[in-house]
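Enquirer: Curious how this folds, go ahead:
(2 chains)
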2 protein chains.
Amino acid sequence: MFRIVEGPIDVGAVIRAAQRPDCGAISVFVGTTRVDRSGEASVRYLEYEAYRPMADRKLEEIGEEIKRRWDVRHVSIVHRVGRVDPGEPSVVIAVAAPRRGQAFEASRHAIERIKQIVPIWKREVWSDGYVWVGSQVGTRTG
Amino acid sequence: MFRIVEGPIDVGAVIRAAQRPDCGAISVFVGTTRVDRSGEASVRYLEYEAYRPMADRKLEEIGEEIKRRWDVRHVSIVHRVGRVDPGEPSVVIAVAAPRRGQAFEASRHAIERIKQIVPIWKREVWSDGYVWVGSQVGTRTG
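Expert: Next up is the predicted model:
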């Protein structure tokens, strides 16, 4: 399951889809909106934009890369776009493997690769302005 | 949340309880029943037994250990006892941290420590007998 979605991610469903009788471990990574602070200002929410269908293809590519490198039997990556409020999931990765070491390494790799190669950009919306984060270096713009 | 439960674990609820606005990452580990094979025989299900209340205390101890060692803001460990069918979760760990590196390391540590210090024993029920796994070295007994 490799998907870009516009609403809340059903994390439980992503994990249920990863459960397999030939695997003893599922490593799941959930990226959530963190409220950073700077003086009086704080992050109100994040907003994600994807360049599709390139983003979809790159998520699948990461899945294939992982299956070549580790003994994993299932990889799902679901990324949300649009506004994501504090504490809410923006990305969920679930990797199932026969053994836990492989599952942990592969899911860690997946999140690093998403940040490297998937055309998804993040805008931090602060109480006093916003900043694009990712491939562009930005400063807050009130 | 540190719990030993006798029925299915609600994985989605364990993760929702870990979502916090001061954290950007939740690393979740789900241990599931794997069907091993040996010749004609295969694992039919696993059965877990805990020595309580020692097991409950040891789960809390692992949570405290993790909070001392990493910058994590939430740790939950839920372990199921009794019969667990193929692909079903027997243990769920959720660790929330401001940054993902800390979350990954801490959840990996948690599962290793559970196997080291928590008095929970696992019986593999095979099509042709059973074997206790854990602190005792066993062979299948038909």
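Enquirer: Show me what from chain A comes close to chain B.
Expert: Residues of chain A found near chain B (Cβ under 8 Å from any Cβ of the partner chain) are A:10-12, A:15-16, A:19-35, A:86-89, A:96, A:98, A:100, A:103-104, A:107-108, A:111. Yep, even glycine has a C-beta here, placed from its N, CA and C like the rest.
Enquirer: Whichever residue of chain A sits closest to chain B: how many residues sit nearby?
Expert: Closest approach between chain A and chain B, counting by Cβ to the nearest Cβ: A:Gly12, at 2.8 Å. Number of residues near A:Gly12 (other Cβ atoms under 10 Å in any protein chain shown) recorded here: 15.
Enquirer: Out of the residues of chain A next to chain B, which end up buried?
Expert: The neighbour count (16 or more other Cβ atoms under 10 Å in any protein chain shown) marks A:11, A:15, A:19-35, A:86-89, A:96, A:98, A:100, A:103-104, A:107-108, A:111 as buried among the residues of chain A next to chain B.
Enquirer: Report the buried residues of stretch A:56-68.
Expert: By 16+ other Cβ under 10 Å, the buried positions in stretch A:56-68 come out as A:56, A:58-59, A:62-63, A:65-66.
Enquirer: so of these, which ones are in helices?
Expert: Of the positions in the buried residues of stretch A:56-68, A:56, A:58-59, A:62-63, A:65-66 sit in helices, assigned by DSSP state H.
Enquirer: pretty sure the residue of chain A closest to chain B is touching B:Gly12, no?
Expert: Yes. Applying Cβ atoms under 8 Å, one finds A:Gly12 in contact with B:Gly12, separated by 2.8 Å.
Enquirer: Help me confirm that A:Ala103 is found in a helix?
Expert: Yes. Applying DSSP: H, G, I helix; E, B strand; the rest coil, one finds A:Ala103 inside a helix.
Enquirer: For it, give me its contacts.
Expert: Shown in contact with A:Ala103 (Cβ atoms under 8 Å, 6 or more residues apart in numbering or on different chains): A:23, A:25-27, A:72, A:95-97, B:29.
Enquirer: mind checking how far the residue most central in space within chain A is from A:Leu46?
Expert: By Cα atoms, centre = their mean, chain A has its centre lying nearest to A:Val91, at 2.9 Å. A:Val91 is 11 Å from A:Leu46, where distance means Cβ to Cβ, to the nearest Å.
Enquirer: helices and strands around the worst-scoring helix or strand of chain A on mean pLDDT, which ones?
Expert: The weakest-scoring helix or strand in chain A, judged by mean pLDDT, DSSP states H and E, is strand A:129-133 (a mean of 89). Strand A:129-133 sits against strand A:120-126, with contacts defined as 3 or more Cβ pairs under 8 Å, 6 or more residues apart in numbering or on different chains; DSSP states H and E.
Enquirer: Okay, now the sheet partners of the strand it packs on, with direction.
Expert: Take DSSP bridges as the rule and strand A:120-126 pairs in its sheet with strand A:41-50 (antiparallel), strand A:129-133 (antiparallel).
Enquirer: Other residues contacting the first one?
Expert: I take that to be strand A:41-50. With Cβ under 8 Å, 6+ apart as the contact definition, strand A:41-50 has outside contacts at A:4, A:33-37, A:79-86, A:90, A:118-129, A:140.
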